[in-house]
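Trainee: Got a sequence here, can you model it:
(chains A and B)
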There are 2 protein chains.
Amino acid sequence: MPVNLSPPDPTSLLPIPGVELGWAEAGMRKEGRKDVLLVRLSQGASVAGVFTRNRFAAAPVIICREHLSADRGIRALVVNTGCANAGTGASGIADARATCEAVARRLDCAASQVLPFSTGVIMEPLPLPRLLGGLEQALPRLATGHWAQAAEAIMTTDTVPKAASRRVDLGGLTIAVTGIAKGAGMIRPDMATMLAFVATDAAVAGPLWRQVAAEIADASFNRITVDGDTSTNDSLILIASGASPMAPIEAASDPRLPALRDGLLAVARQLAQAIVRDGEGATKFIEIVVGQAFDDAEASRVAYSIAHSPLVKTAFFASDPNLGRILAAVGNAGIPDLDPGRVQLHLNDVWVARDGGRNADYREEDGQRVMRGAEISVRVELGRGAASATVWTCDLSHEYVSINADYRS
Amino acid sequence: MPVNLSPPDPTSLLPIPGVELGWAEAGMRKEGRKDVLLVRLSQGASVAGVFTRNRFAAAPVIICREHLSADRGIRALVVNTGCANAGTGASGIADARATCEAVARRLDCAASQVLPFSTGVIMEPLPLPRLLGGLEQALPRLATGHWAQAAEAIMTTDTVPKAASRRVDLGGLTIAVTGIAKGAGMIRPDMATMLAFVATDAAVAGPLWRQVAAEIADASFNRITVDGDTSTNDSLILIASGASPMAPIEAASDPRLPALRDGLLAVARQLAQAIVRDGEGATKFIEIVVGQAFDDAEASRVAYSIAHSPLVKTAFFASDPNLGRILAAVGNAGIPDLDPGRVQLHLNDVWVARDGGRNADYREEDGQRVMRGAEISVRVELGRGAASATVWTCDLSHEYVSINADYRS
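Mentor: As a prediction, the model looks like this:
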């Protein structure tokens, strides 16, 4: 059961001029479900990508990096579920290239103008004939109004399709931002998420757009974790189609950039948090804020140490205020000169640990009240400086074990 | 259900002259179970300790370090379960000191000659009156033949008491090594384990003994993980009572030292592996060997990345040869210049991944056969050098979630 997350209202998803979407039921792994997405971009779109740091990067990730560096302008994206095309060696690379060539032939562009994406089981060969068959279905469906179907077409263990949309006023001219994402397990993005695509009709120059993409990733998808496992296929793609009649944003000092960035970040954060809310087996949505850290890296390290502790996550699942486990996770974060006597711990409005020990005013029933909720905010102050970090995560439940013990069957 | 682990035969546990053990049912957390252990050591024993690196080290760990540095000779250990006395601030320290003073009064030694140990729930105050009551029960029971009861007295979520014993021939003179350990969750020792006590009647000089202790810890308790959570209370204590009539071993070049070290290591490894076999919810015992690494640290990092991946651990639980997850964990270990194309993966005798991709000769039924077993060996070669590391772990099951969602109730 996802935590406070409903399927998006399709009518709320704004079309992005210059971005057309089509889908297929190609039977990639199971019959009768949308499993291929094709996206056509208008000429001149700025496209930036942020990818996994897993060294076993999937074949499509390797090809994406190559095609983005070639910088010939991206005209299409092609996504399949059911098979990750990772841990597949040279034949996996050949399959990803063949996919791009097939798309290029049909859309009349170069193969290096196509970005491929895969998600699903690792170390199994891509069923290329089925994927190519899917392209035939997807082509005639290409249209700007298909974001809801696109969100469905990229789902794997997700229980809810994830999509978000915003209108942004850029000094009198309104543009739109719409994005979709998928992912529920193997979620601990390192510079990107499982798969997320965010598009706007704003016009932004390529070099600046790449910088914006990195900032957006770092403040949204790079702040979530479900199980600490960074996937082989994480990819975030930001598209500025430029179809809006606005003058292009070309400099970081452009006064329209902050509003655009806010709009992009709002969509990206909503999608990133949706991934956590739909985390495998999630019953709680947990925000972890670590403050008074020496620097950002230290704040992040402590936040992730809490977010990844199986003992903390099972205590959340049980609604059990066994909160000493959070202190143990703080102590485990690898900060050699941490002074426990300066550490404070709050849960929502409850001051649990004061100066490294149990707060004398803390009452178990207050902890219990907070732990019973579906949304919990954990706040830790380290007493070392002024840096802070926020991470979103979920609990660890029986359902997580069931899903991952059954995923392939 | 522990994996291939039975309670020790009490008659197999060799008494160690110079080491007397007594226990109590003090009602520390629950009534009617052994929960306090008192150990008296003969004068002149060499005692070395290796402790947690968690910065929220428990009060007893802080006091142990202080008393060992004072170097006045250790005469007693006192252990309680039910409460970890961690995250308890200044009052926790005072409670640990009061415990040592009470023991010292009864055994006619200085408080700084007593080492205290606690294990249980974090951030709850130590029930000192009950612990002191327990001492009265334990005192009249002090005797060298009580290792089996001592192993029971330190259990928390353990389902089986853990003890091991060996006779070692040191150039014609036989000495004995006996040890006990506890721990099943919050197990990822960093320079020590939850609680382990290993004693011998051999005579070894203090400085050399401390060096031996560090080596033993590193090759046994520091090679295991259940859930990646390093506890606040991890402590390993090695005792050489010197009660044997042997001439003391004083130099690292002593020809008797290798045999003694082998005997200690055999007992320590058996105890460490017993903790994994009795890991919370464990159904499989998994050995992970990473070879051809650039250095030891890198080999360890990869081994722990596999051992800590919830996705790998749930696949073991399901007996599902979803082995691409192991490659993803290797890619996640933070080795920036790893070449996936040089990575090999074996499960027992089955060559699964060859040169970074699925081995053409690999058949799913072979992977399935290995995954069905209760003991599985994972071997990864990185193709980068000659260093290697071994780590022992268990799977992640529904039972782990149940135990940790219910631990306090």
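Trainee: Can you get me a residue count around residue A:402?
Mentor: Residues near residue A:402, counting by other C-beta atoms under 10 Å in any protein chain shown, number 16. In short, each C-beta sits where N, CA and C put it, glycine included.
Trainee: Can you check the pLDDT for the residue in the stretch 101-250 of chain A that chain B sits nearest to?
Mentor: Chain B sits closest to residue A:122 of the stretch 101-250 of chain A, with a gap of 2.6 Å, by C-beta to the nearest C-beta. Here, the pLDDT recorded for residue A:122 equals 87.
Trainee: quick one: contacts for it?
Mentor: By C-beta atoms under 8 Å, 6 or more residues apart in numbering or on different chains, residue A:122 lies in contact with A:56, A:58, A:84, A:86-87, A:232, B:322, B:324-325, B:327-328.
Trainee: Quick check: it vs residue A:45, distance?
Mentor: Applying C-beta to C-beta, to the nearest Å, the value for residue A:122 to residue A:45 is 31 Å.
Trainee: residues touching residue A:246, list them.
Mentor: Residues near residue A:246 by C-beta under 8 Å, 6+ apart: A:170, A:173, A:175, A:202-203, A:256.
Trainee: With adjacent residues omitted, what lies nearest to residue A:380?
Mentor: With sequence-adjacent residues excluded and distances taken as C-beta to C-beta, 6 or more residues apart in numbering or on different chains, residue A:380 is closest to residue A:290, at 4.9 Å.
Trainee: The one you found bridge partners, please.
Mentor: Residue A:290 has these beta-bridge partners by DSSP bridges: residue A:380, residue A:389.
Trainee: How many residues are close by it?
Mentor: Neighbour number of residue A:290 under other C-beta under 10 Å is 27.
Trainee: Pull the distance from stretch A:395-404 to the chain's centre.
Mentor: In this view, stretch A:395-404 has its centroid 20 Å away from the chain centroid, taken as C-alpha atoms, centre = their mean, to the nearest Å.
Trainee: same question for that stretch, mean pLDDT?
Mentor: 89.
Trainee: what's the answer for stretch A:290-308, then?
Mentor: Stretch A:290-308 comes out at a mean pLDDT of 95.
Trainee: cool, stretch A:5-18 as well?
Mentor: The model assigns stretch A:5-18 a mean pLDDT of 93.
Trainee: now that stretch, how far from the chain's geometric center?
Mentor: How far stretch A:5-18 lies from its chain's middle: 17 Å, per C-alpha atoms, centre = their mean.
Trainee: before we move on, what about stretch A:284-291?
Mentor: On C-alpha atoms, centre = their mean, the centre of stretch A:284-291 falls 17 Å from that of its chain.
Trainee: and for it, what are the contacting residues?
Mentor: A:3-4, A:273, A:276-277, A:299-300, A:302-303, A:306-307, A:316-317, A:373-382, A:387-395.
Trainee: Need the buried ones from those residues selected in PyMOL.
Mentor: A single PyMOL command selects the buried members of the contacts of stretch A:284-291 (16 or more other C-beta atoms under 10 Å in any protein chain shown):
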select buried, chain A and resi 3+273+276+277+299+300+302+303+306+307+316+317+376+377+378+379+380+381+382+387+388+389+390+391+392+393+394+395
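Trainee: Mind checking which of the contacts of stretch A:284-291 land in helices?
Mentor: A:273, A:276-277, A:299-300, A:302-303, A:306-307, A:316-317 (DSSP state H).
Trainee: Which one of these is nearest to chain B?
Mentor: Using C-beta to the nearest C-beta, residue A:317 comes nearest to chain B of the ones in helices among the contacts of stretch A:284-291, at 5.4 Å.
Trainee: okay, that closest one: pLDDT?
Mentor: At residue A:317, pLDDT is 95.
Trainee: distance of it from residue A:286?
Mentor: 11 Å.
Trainee: go on, residue A:1?
Mentor: Residue A:1 is 15 Å from residue A:286, by C-beta to C-beta.
Trainee: neighbour count winner among the two?
Mentor: residue A:286 (23 against 13).
Trainee: can I assume that one sits in a strand?
Mentor: Yes. Counting by DSSP: H, G, I helix; E, B strand; the rest coil, residue A:286 is part of a strand.
Trainee: Remind me what the helix or strand bottoming out on mean pLDDT in chain A packs against, helices and strands.
Mentor: Within chain A, no helix or strand scores below strand A:224-225, which has a mean of 82 by mean pLDDT, DSSP states H and E. Strand A:224-225 sits against helix A:257-277, helix A:296-308, strand A:387-394, with contacts defined as 3 or more C-beta pairs under 8 Å, 6 or more residues apart in numbering or on different chains; DSSP states H and E.
Trainee: Minimum distance to residue B:281: which of the ones you listed has it?
Mentor: If you check each of the helices and strands packed on strand A:224-225 against residue B:281 by C-beta to C-beta, helix A:296-308 wins as the nearest, at 18.1 Å.
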